[in-house]
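Colleague: need the 3D shape of this:
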Amino acid sequence: LLKSEAPVSVSVTLVFPLYQVVTTITVPELYTPGLKGVLSLPFPYQKSTPGKAELQYLHPHLGINGSVGLNSNPLVNFSGVIGTKAFAFGVDVAFDTASGDFTKYNAGLSHTNQDLTASLNLNNKANTLAASYYHQVQRTTAVGAEIAHSFSSNENTITVGTQHELDPLTTVKGRYNNFGIASALIQHAWRPKSLITFSTEVDTKAIEKSPKFGLALSLKP
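Modeller: Okay, the predicted model is just below:
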């Protein structure tokens, strides 16, 4: 039996466009302080999005996360971060038991102070190097930028973005890159811990294409 000193929580999320209901069961303080168990169960079941069992461990200077898919040939994930309030280093690895290959291995280094965050990340199996910057301009407004280089294609992607709190419950975000892709979203907390998000994306260099729209609803008791 699972042993926890803290109450177990259950949340239900409706996922579009998969039309799935995902039930997430969280068991905090599992056997030892800092260890949390999470079980995600989607309905209806789809091979592309199976359930997942997850363990998380948090320490003031260390965070570890491990998960495994709930299917016959699961994807196994591991991530870990070590650092201080100012500097942090982390890795993220995924192993596909069906193919016997590592499908992901990433690493990152970041620096954070009171109003800005700068990071350097090596992603996509060491194929992409990205440098990013996030600055809290005002209490309700932030801006950010990222420059990413792909070693395989020798292409650079430059993205700029911003976010603004319309009120304590509503946030809008927008971003644009050098390929002409613009996206925006608005997120509203209509009750504590329950969010509804509307998003859209458009290719400004191919306006004859229909824009993409998305809707996400997260409910927590």
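Colleague: can we go C-alpha only for contacts and neighbour counts from here?
Modeller: Noted.
Colleague: which helix or strand in the protein has the lowest average pLDDT?
Modeller: In the chain, no helix or strand scores lower on mean pLDDT, DSSP states H and E than strand 9-15, which sits at a mean of 75.
Colleague: tell me the helices and strands packed up against it.
Modeller: Strand 9-15 sits against strand 20-27, strand 212-219, with contacts defined as 3 or more C-alpha pairs under 8 Å, 6 or more residues apart in numbering; DSSP states H and E.
Colleague: again, only using 10 Å
Modeller: strand 20-27, strand 35-43, strand 194-203, strand 212-219 (3 or more C-alpha pairs under 10 Å, 6 or more residues apart in numbering; DSSP states H and E).
Colleague: what residues of the second one count as buried?
Modeller: So that's strand 35-43. Judged by neighbour count using 16 or more other C-alpha atoms under 10 Å, the buried positions of strand 35-43 are 35-42.
Colleague: just give me the closest of those to residue 20.
Modeller: Nearest to residue 20 among these, counting by C-alpha to C-alpha, is residue 42 at 6.3 Å.
Colleague: my read: that closest one touches residue 20, true?
Modeller: Yes. The criterion here is C-alpha atoms under 10 Å, and residue 42 meets it with residue 20 at 6.3 Å.
Colleague: so what's in contact with these two at the same time?
Modeller: Listed as contacting both residue 42 and residue 20 by C-alpha atoms under 10 Å, 6 or more residues apart in numbering are 13-14, 49.
Colleague: with distance to residue 96 and neighbour count added, can I get those residues in CSV?
Modeller: Listed next are the shared contacts of residue 42 and residue 20 as CSV, based on distance: C-alpha to C-alpha, whole Å; neighbours: other C-alpha atoms under 10 Å:
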residue, distance to residue 96, neighbour count
13, 26, 18
14, 27, 18
49, 14, 16
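Colleague: now residue 142. Its backbone dihedrals?
Modeller: Dihedral pair for residue 142: phi -140, psi 150, per degrees, to the nearest 10.
Colleague: nope, residue 32 is what I meant
Modeller: Torsion angles, degrees, to the nearest 10, at residue 32: phi -150, psi 150.
Colleague: gap between it and residue 57?
Modeller: Look at residue 32 and residue 57: by C-alpha to C-alpha, to the nearest Å, they are 9 Å apart.
Colleague: the more surrounded of these two?
Modeller: Neighbour tally, residue 32 and residue 57, criterion other C-alpha atoms under 10 Å: the higher count belongs to residue 57, 18 against 12.
Colleague: so that one makes contact with residue 82?
Modeller: No. Residue 57 is not in contact with residue 82 according to C-alpha under 10 Å; the separation is 11.9 Å.
Colleague: identify the contacts common to the two.
Modeller: By C-alpha under 10 Å, 6+ apart, the residues touching both residue 57 and residue 82 are 63-64.
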